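>>> please work out how this folds:
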Amino acid sequence: MRLRAPDGAEATVLLQGGQVVSWIPAGDTERLYLSPTAVAGEGRAVRGGIPVVFPQFAQRGPLPQHGLVRTRCWQWAEGIERGGHVIGVLKLVDDDATRAIWPHRFEAELSLSLSGLRLDVELAITNTGETSFDFMAALHTYLRCDDLRRARLSGLYGARYLDTVTGTEHRQEIDPQTFVGEVDRIYFDVHEPVALSTALGRMTIEAEGFEDLVVWNPGPQRAAALADLPDDDWLQMLCIEAACIGRPVRLAPGQEWAARQGFEA
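Okay, the predicted model is just below:
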């Protein structure tokens, strides 16, 4: 589905995975990275855009990597224009296939709103069953860079993080930070916006309801091992992911949880 605001801002979202794969702010250029060798299809994860992670992050549990919803077909619920913003809503509910590997009833709703230089993406989860469940969630956002080696990310000074490459915990001591080689960090309890500066311009990224922030890039060696990513395209992207990982969310029957990630170019 394609959305276009009155001022020309555009976004494209796949029904597969409920995944935003393109965002072009008004008068600007593409700001999301989508691999030119990405493959879409039932049961396949699309490399790029904003994959939805639920109810498991990465391999932190018994489910497939990043959970159940990024490889399933969502339903388009509505698209409206309001106050100069265009809004799209997609939904996904549990079925026999999801309950076979995760025995809980739920409804997931993804809402995106865009206008001008801003995009907001909200994920809402409702427990529609009769028992409580715990989950992790993330918006696995791939942001486009011209050359990652010249990118700068600021706003994380002093934050505690887990370096999953080395398995060690640290405090962020450099701000802004630069990137050389593989990076895979989970920053915990991040409540302030961060800013990514590249030749494409400066982008502010903020979150509400998500407590953690993941910064990921495969680097040259891991990129060469990924079939759906050109060898040199690690230079063209950086994942900055709003997430709930350190403290999984618990939902009682009938409860709803919602969280948002916002971008301003």
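>>> where along the stretch 151-265 of the chain do the strands fall?
Assigned by DSSP state E, counting those that start in this stretch, the strands in the stretch 151-265 of the chain fall at 152-154, 160-163, 168-171, 183-187, 194-198, 201-208, 212-217, 237-251, 256-264.
>>> just the stretch 1-150 of the chain next, same as before
2-4, 10-14, 19-24, 52-53, 75-82, 85-93, 106-115, 118-127, 133-139, 142-144.
>>> can you tell which of those strands is closest to residue 195?
Using C-beta to C-beta as the measure, strand 142-144 is the one of these that comes nearest residue 195, at 11.5 Å. C-betas here are computed from N, CA, C, even on glycine.
>>> and residue 159, which of the strands of the stretch 1-150 of the chain is closest to it?
strand 133-139 (16.6 Å).
>>> just for the stretch 1-150 of the chain, where's the confidence low?
Counting by pLDDT under 70, the stretch 1-150 of the chain contains no low-confidence range.
>>> thinking again about what came up before, got JSON lines for the strands of the stretch 1-150 of the chain, with mean neighbour count too?
As requested, the strands of the stretch 1-150 of the chain are arranged in JSON lines below (neighbours: other C-beta atoms under 10 Å):
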{"stretch": "strand 2-4", "mean neighbour count": "16"}
{"stretch": "strand 10-14", "mean neighbour count": "20"}
{"stretch": "strand 19-24", "mean neighbour count": "23"}
{"stretch": "strand 52-53", "mean neighbour count": "26"}
{"stretch": "strand 75-82", "mean neighbour count": "12"}
{"stretch": "strand 85-93", "mean neighbour count": "19"}
{"stretch": "strand 106-115", "mean neighbour count": "21"}
{"stretch": "strand 118-127", "mean neighbour count": "21"}
{"stretch": "strand 133-139", "mean neighbour count": "22"}
{"stretch": "strand 142-144", "mean neighbour count": "22"}
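>>> so can I have TSV of these showing distance to residue 64?
Below are the strands of the stretch 1-150 of the chain laid out as TSV (distance: least, C-beta to C-beta, whole Å):
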stretch	distance to residue 64
strand 2-4	29
strand 10-14	18
strand 19-24	16
strand 52-53	11
strand 75-82	21
strand 85-93	15
strand 106-115	16
strand 118-127	18
strand 133-139	13
strand 142-144	19
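>>> among the strands of the stretch 151-265 of the chain, which is nearest residue 130?
strand 237-251 (12.1 Å).
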